[in-house]
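**Q** no FASTA, just this:
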């Protein structure tokens, strides 16, 4: 599973401790229902391999489906030693990405995005990169 998170579309790495925000579109990539510890362990390993160590991670699960129940995400995602998770039902997460970047500081933020790239998402990620934020867009392996 580590290879899943090490395949990247765009990422600029610096060896510093920064806040990491994980945005996970559960419509594009559903949450594994068996055990999440290996998933978050792989995320931490990928960040560590890219030079980001000892940072705190916020995980934002979101769905664009109107009928998605946020309670389902609460059942799967608890609080961990290095991460906390939130479930959101929104039509577009990009506004929240930009707003969150303005609330955290000083300095850049790490964005770890697990979603299929759409035009607006790509534009917002480019905008965040231009403001010195680090962006990692997960590119999953091809289907078997």
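**A** Everything's here; your move. Note that this is a predicted model, so its numbers are computed, not measured.
**Q** quick check: bridge partners of residue 113?
**A** residue 23, residue 137 (DSSP bridges).
**Q** and the strands in this structure?
**A** Using DSSP state E, the strands of the chain run over 20-25, 57-63, 83-89, 110-114, 134-137.
**Q** okay, the angle between the first one and strand 110-114?
**A** Going back to what we said before, that points to strand 20-25. 20 degrees (axes from the mean of the first three to the mean of the last three C-alpha atoms, to 10 degrees).
**Q** then the second one?
**A** Between strand 57-63 and strand 110-114, the angle formed by their directions is 30 degrees, by the same axes, to 10 degrees.
**Q** what helices and strands are in contact with strand 57-63?
**A** Under the contact criterion of 3 or more C-beta pairs under 8 Å, 6 or more residues apart in numbering; DSSP states H and E, strand 57-63 touches strand 20-25, helix 37-49, strand 83-89. For glycine as for every other residue, the C-beta is placed from the backbone atoms N, C-alpha and C.
**Q** give the buried residues for the first one.
**A** To tie it back to what came earlier, the one meant is strand 20-25. 20-25 (16 or more other C-beta atoms under 10 Å).
**Q** looking at the helices and strands packed on strand 57-63, which has the lowest confidence?
**A** When those are compared by mean pLDDT, strand 83-89 comes last with a mean of 55.
**Q** quick one: contacts of stretch 115-123?
**A** Applying C-beta atoms under 8 Å, 6 or more residues apart in numbering, the contact partners of stretch 115-123 are 9, 23-25, 28-29, 92-94, 113, 125, 137.
**Q** what distance separates the start and the end of that stretch?
**A** Using C-alpha to C-alpha, to the nearest Å, the end-to-end distance of stretch 115-123 comes out at 14 Å.
**Q** buried set for it?
**A** Within stretch 115-123, the residues scored as buried using 16+ other C-beta under 10 Å are 115, 121.
**Q** again with stretch 128-139
**A** Buried-residue list, stretch 128-139, by 16+ other C-beta under 10 Å: 128-129, 133-138.
**Q** span of that stretch from start to end?
**A** End-to-end distance of stretch 128-139: 18 Å, with C-alpha to C-alpha as the criterion.
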